[in-house]
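Student: Based on what follows, work out the 3D shape:
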Amino acid sequence: MSKFANTPHIRLDPADISPYVLTCGDPARAQRIAEFLTNATQVGAWREYHTFTGEYKNLRVTAISHGVGGAGAAICFHELFGIGAHTIIRVGTCGSYLSALRAGSLLIGTGASREDGTSNVLAPPEYPAVSDLDVTLALRHATQARADFKYKLGVVRSDAAFYHELTPNPHQLWADVGAVGIEMELATLLIQASIHRARAGGIFVVDGNPNESAGDMADYNPHREAVQRAQNAAIEIALDALRALANS
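Tutor: Numbering: from 1, shown residues only. Got it, this is the predicted structure:
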């Protein structure tokens, strides 16, 4: 893995981060992750990239936000890998394609469709976006330890646009193929991790089902109490998975 100290977007030095990283889209969620850490310090705040480093059960951990969409997230991941990150778990939200998994449930991505609009520039489109097996198993084990949340493993869609405007979004087609949900950045992370010979995966909190909602997403509400509770659980699960990976 190449090392370089030039991170003009996330504005971090190698000493600022842990090799074990949790990423999320929302800067407020990065700060929320930091609340689960001891001795957490904000080490970066530039554009959408807000970074905190602290400790979780004696493991040094970094949390950073990457914004919405593959292009900005790819910058974040590239610069993180360049300064020493080697294990990244994305803690995000998603729409579920499974009627049994309602808002507040969890999905663990075993891989992602490459509709993110960015990964096709990074690597040939025929190359699959696959989650690291050890990361996936660590997330599953940590999730199984919590009986209070339903969860499912499977391939998710990484879509380039949240609002498709005039272009129909074939949610049901992908559900019929077997995709378990939809989000926006996992494929970008997985391809970057593969290029940099690093480990990556993702756990997602369900905040709705696009096959059951209005076509214009007018009834979409990711701020419900059940979603907020599940986000706390997903953070704890991801942190426990990082610790297990560090000790394996």
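
Student: give the contact list for the residue most central in space within the chain.
Tutor: Nearest residue to the geometric centre of the chain (Cα atoms, centre = their mean): Arg90, 2.2 Å. Going by Cβ atoms under 8 Å, 6 or more residues apart in numbering, Arg90 touches Leu22, Thr23, Cys24, Glu185, Leu186, Leu189, Ala200, Gly201, Gly202, Ile203, Phe204. Bear in mind the C-beta positions are built from the backbone N, C-alpha and C, glycine included.

Student: now do 10 Å
Tutor: Taking Cβ atoms under 10 Å, 6 or more residues apart in numbering as the criterion, Arg90 is in contact with 21-25, 66, 73, 77, 109, 131, 183, 185-186, 188-190, 200-204, 238.

Student: any idea whether it is helix, strand or coil?
Tutor: Under DSSP: H, G, I helix; E, B strand; the rest coil, the three-state class of Arg90 is strand.

Student: Which residue, other than its chain neighbours, is closest to it?
Tutor: Using Cβ to Cβ, 6 or more residues apart in numbering and skipping residues adjacent in sequence, the residue nearest Arg90 is Gly202, 3.9 Å away.

Student: so which strand or helix has that neighbour?
Tutor: strand 199-206 (DSSP states H and E).

Student: Pull out the CA atoms of that strand and give them to me as CSV.
Tutor: What follows is strand 199-206, C-alpha atoms only, in CSV (Å, rounded to 0.1, in the frame of the first residue of the first chain):
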residue,chain,number,x,y,z
ARG,A,199,-10.2,-4.5,4.0
ALA,A,200,-13.7,-2.9,3.8
GLY,A,201,-17.3,-3.6,4.4
GLY,A,202,-20.5,-1.9,5.4
ILE,A,203,-23.5,-2.1,7.8
PHE,A,204,-26.6,-0.1,7.1
VAL,A,205,-29.7,1.0,9.0
VAL,A,206,-32.9,0.7,7.1
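
Student: out of the contacts of Arg90, which are inside helices?
Tutor: Judged by DSSP state H, helices contain the following of those: Ala73, Phe77, Leu186, Thr188, Leu189, Leu190, Ala238.

Student: Show me which pair in those residues is furthest apart.
Tutor: The largest separation in the ones in helices among the contacts of Arg90, counting by Cβ to Cβ, is between Thr188 and Ala238 at 17.8 Å.

Student: quick one, which of the two is more surrounded?
Tutor: Thr188 (32 against 29; other Cβ atoms under 10 Å).

Student: which residues does the more buried one contact?
Tutor: Thr188 sits in contact with 66, 69-78, 90, 112, 114, 116-119, 121-122, 129, 158, 160, where contact means Cβ under 10 Å, 6+ apart.

Student: hmm, try it at 7 Å
Tutor: By Cβ atoms under 7 Å, 6 or more residues apart in numbering, the contact list for Thr188 reads Gly70, Ala73, Ala74, Phe77, Asp116, Thr118, Ser119, Ser158.

Student: what does Lys150 give?
Tutor: Lys150 is in contact with Leu101, Ser105, counting by Cβ under 7 Å, 6+ apart.

Student: distance of it from Gly178?
Tutor: 18 Å (Cβ to Cβ, to the nearest Å).

Student: Over to Ala85?
Tutor: Per Cβ to Cβ, Ala85 is found 31 Å from Gly178.

Student: of these two, who's got more company?
Tutor: Ala85 (26 against 9).

Student: Pull the contacting residues for the more buried one.
Tutor: Here Ala85 is in contact with Ile17, Pro19, Val21, Ala198 (Cβ under 7 Å, 6+ apart).

Student: Mind doing that once more with 6 Å?
Tutor: Taking Cβ atoms under 6 Å, 6 or more residues apart in numbering, we find Ala85 in contact with Pro19, Val21.

Student: where do the strands sit along the protein?
Tutor: 20-24, 38-46, 49-56, 59-65, 87-96, 106-115, 129-130, 151-159, 181-183, 199-206 (DSSP state E).
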